[in-house]
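>>> Need coordinates for the following:
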Amino acid sequence: MDVFRKVFDFFIFSSLYISLCAVLMVYQTTQLLIHEPLSFNLAAFVFFSTMCSYNFHWWLTPSSVKISQRLQWAQRYKGLHLFLYFVGLAGSIFFFFTIKEHWMALAFGAFVTFLYSAPKLPWAFFSDLKKIAVGKTIFLAFVWMYVTTMLPIFVAQKNWQADFTFFSLSRFFLIYAICIIFDYRDREDDKHEGIRSMITYFDEKGINILFYLSILLFAITTIALAAYNYPVYTILILLLPGIITAALYRYAKKNDSDYLYYFTLDGLMMFSGLLMLILKI
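All right, here's what the predicted structure looks like:
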């Protein structure tokens, strides 16, 4: 059991899991919107870029106001985070050149991803970004939506369609709702580090309204896909992670379990894509 726990911790805390989540989300985009097989080179680029970004982020994260198993693991294996960062960076660069004809879309994704972790850098120019990071949760949700939804469309060179907009918004609001839960848990850390966000500004009622509004907009934009001949079962599968997120909201606000956050909540982002893969939809 102890060996299993260590392997599971490595899988989750080394960011291999979240990197696979990103790939599954790209897979779902290609199946639903592009109707083409998932490009191996794009999938590999997204996987290694996510690994690079997350290990860089955790390598730069020094401490927490609360006791965190995730952070304790990060401090214990700081060298591993740095190693995985360089592995991710090398993989990102290699696969970037396999699809370099789309360099502008790829470079934009890499740039906005870097900006999220930039305030943790020790130089004044970057640390000053904390003062203007009021929309950091919106920004993070946008980065995830862009990389897993818009980027595959751009790489496939598809003309933008109305259903692409609704699917992108659906994914954005689901991720945003999940990010709100993360930010609620981390609000003391954000205050301690001087990071401004809507979650640190709003009171309990305001945060609840923001969360449920995001879930409502997620539901509306998902159901709107019915107007573009998306099957009912597909829409139900897309709605399922939002329903689970809403059901977990009050519980997650009272529970700081890293497994709940970094396995369950992170996994909800790709859950409908995983169901589509299993059911071969």
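>>> dump the residue contacts of residue 10.
residue 16 (Cβ atoms under 8 Å, 6 or more residues apart in numbering). For glycine as for every other residue, the C-beta is placed from the backbone atoms N, C-alpha and C.
>>> Which helix or strand contains it?
According to DSSP states H and E, residue 10 maps onto helix 2-13.
>>> do residue 97 as well
helix 78-98.
>>> could you dump that helix to PDB, C-alpha only?
Extracted C-alpha coordinates of helix 78-98, given in PDB (Å, rounded to 0.1, in the frame of the first residue of the first chain):
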ATOM      1  CA  LYS A  78      12.600  20.100  -5.700                       C
ATOM      2  CA  GLY A  79      15.400  18.700  -7.800                       C
ATOM      3  CA  LEU A  80      13.000  16.400  -9.500                       C
ATOM      4  CA  HIS A  81      10.700  19.300 -10.400                       C
ATOM      5  CA  LEU A  82      13.700  21.100 -12.000                       C
ATOM      6  CA  PHE A  83      14.600  17.900 -13.900                       C
ATOM      7  CA  LEU A  84      11.100  17.400 -15.200                       C
ATOM      8  CA  TYR A  85      10.900  21.100 -16.100                       C
ATOM      9  CA  PHE A  86      14.000  20.600 -18.400                       C
ATOM     10  CA  VAL A  87      12.500  17.400 -19.800                       C
ATOM     11  CA  GLY A  88       9.300  19.200 -20.500                       C
ATOM     12  CA  LEU A  89      11.200  22.100 -22.000                       C
ATOM     13  CA  ALA A  90      13.200  19.800 -24.300                       C
ATOM     14  CA  GLY A  91      10.100  17.900 -25.400                       C
ATOM     15  CA  SER A  92       8.200  21.200 -26.000                       C
ATOM     16  CA  ILE A  93      11.100  22.600 -28.200                       C
ATOM     17  CA  PHE A  94      11.500  19.300 -30.100                       C
ATOM     18  CA  PHE A  95       7.800  18.900 -30.900                       C
ATOM     19  CA  PHE A  96       7.400  22.600 -31.600                       C
ATOM     20  CA  PHE A  97       9.700  22.200 -34.600                       C
ATOM     21  CA  THR A  98       7.500  19.300 -35.900                       C
END
